[in-house]
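Enquirer: Build the 3D model from these lines:
(chains A and B)
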Amino acid sequence: MSTAMNFGAKSFKPRPPDKGAFPLDHFGECSAFKERFMQCLRDSGFQSGACRERAMAYLECRMDRQGAQLMANEPLEKLGFKDLIDEKSEAKPEK
Amino acid sequence: VVPGETALAFYKAKNPTDKPIIGISTYNVVPFEAGQYFNKIQCFCFEEQRLNPQEEVDMPVFFYIDPEFAEDPKMAKVDSITLSYTFFEAKEGQHLALPGYQ
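Expert: Okay, here's the model as predicted:
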């Protein structure tokens, strides 16, 4: 833990995550998606913005697990992927 | 990473022992002043996680930097923020003072 011994300075207060904790993916069910995302990061010089589709695919993998869900279902628009969803639905109007 | 855009990051943890370990993690953000702009949507932290002997798992963090970061003159020179996690072994009967959560 960080012990910043400067009295009078604010201490760092960790905040819990907005949507709670991810259960661990003990069986690596979404590892393939994670690998594809990491490959994209490496290829793009670690530009997070370039790999948002694959990040979205990873989170979708977590939500789709039958049985032990690795992530509570949440509309992807609310997770900051609204623009990608809109693109998707424009490309496939019959979906 | 662009302020306001959600981003995904992965850490990896391994239990090198031959016994299961139950751990709980907390995080730190450097530089300190940037910490207020760091928002976690979801992560593996703040809850006990069990790692079996020799198990290695990916630990994701889904986050964004508050767009106000770009407006803060104090942050003008900050082009790198480091997020680090520390795992503690959870001991029976011991209670980490976690911020009000759940």
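Enquirer: Which positions in chain B make contact with chain A?
Expert: B:1-2, B:5-8, B:10, B:26-29, B:32, B:35, B:39-47, B:49-52, B:55, B:57-60, B:62, B:64, B:86, B:98-99, B:101-102 (CB under 8 Å from any CB of the partner chain). C-beta: built from backbone N, CA, C; applies to glycine.
Enquirer: For A:Gly49, the count of nearby residues, please.
Expert: Residues within reach of A:Gly49, counting by other CB atoms under 10 Å in any protein chain shown, total 11.
Enquirer: Now do the same contact list for it.
Expert: A:Gly49 is in contact with B:Val1, B:Val2, B:Glu5, counting by CB atoms under 8 Å, 6 or more residues apart in numbering or on different chains.
Enquirer: Check the secondary structure at it for me.
Expert: Following DSSP: H, G, I helix; E, B strand; the rest coil, we place A:Gly49 in the helix state.
Enquirer: Let me see the confidence value for it.
Expert: At A:Gly49, the pLDDT value in this model is 92.
Enquirer: again with A:Gly80
Expert: On the pLDDT scale, A:Gly80 is placed at 87.
Enquirer: can you give me the strands for chain B?
Expert: Per DSSP state E, chain B carries strands over the ranges B:7-14, B:21-30, B:38-42, B:49-51, B:56-65, B:82-89.
Enquirer: Need the contact partners of the host helix or strand of A:Phe33.
Expert: In the assignment (DSSP states H and E), A:Phe33 maps to helix A:31-43. Contacts with helix A:31-43, where a contact means CB under 8 Å, 6+ apart, come from A:25, A:47-48, A:50-51, A:54-55, A:57-58, A:61, B:8, B:10, B:58, B:60.
Enquirer: Could you do stretch B:3-14 as well?
Expert: Outside stretch B:3-14, the residues touching it (CB under 8 Å, 6+ apart) are A:34, A:37-38, A:48-49, A:51-52, A:55, A:58-59, A:79-81, B:1, B:23, B:37, B:41, B:44, B:51, B:54-70, B:83, B:85, B:87.
Enquirer: Apply 6 Å and report the result again.
Expert: A:48-49, A:55, A:79-80, B:1, B:56-62, B:64-65, B:67, B:69-70 (CB atoms under 6 Å, 6 or more residues apart in numbering or on different chains).
Enquirer: Could you do stretch A:53-70 as well?
Expert: By CB under 6 Å, 6+ apart, stretch A:53-70 touches A:23, A:25, A:29-30, A:33-34, A:36-37, A:40, A:71, A:73, A:81, A:84, B:8.
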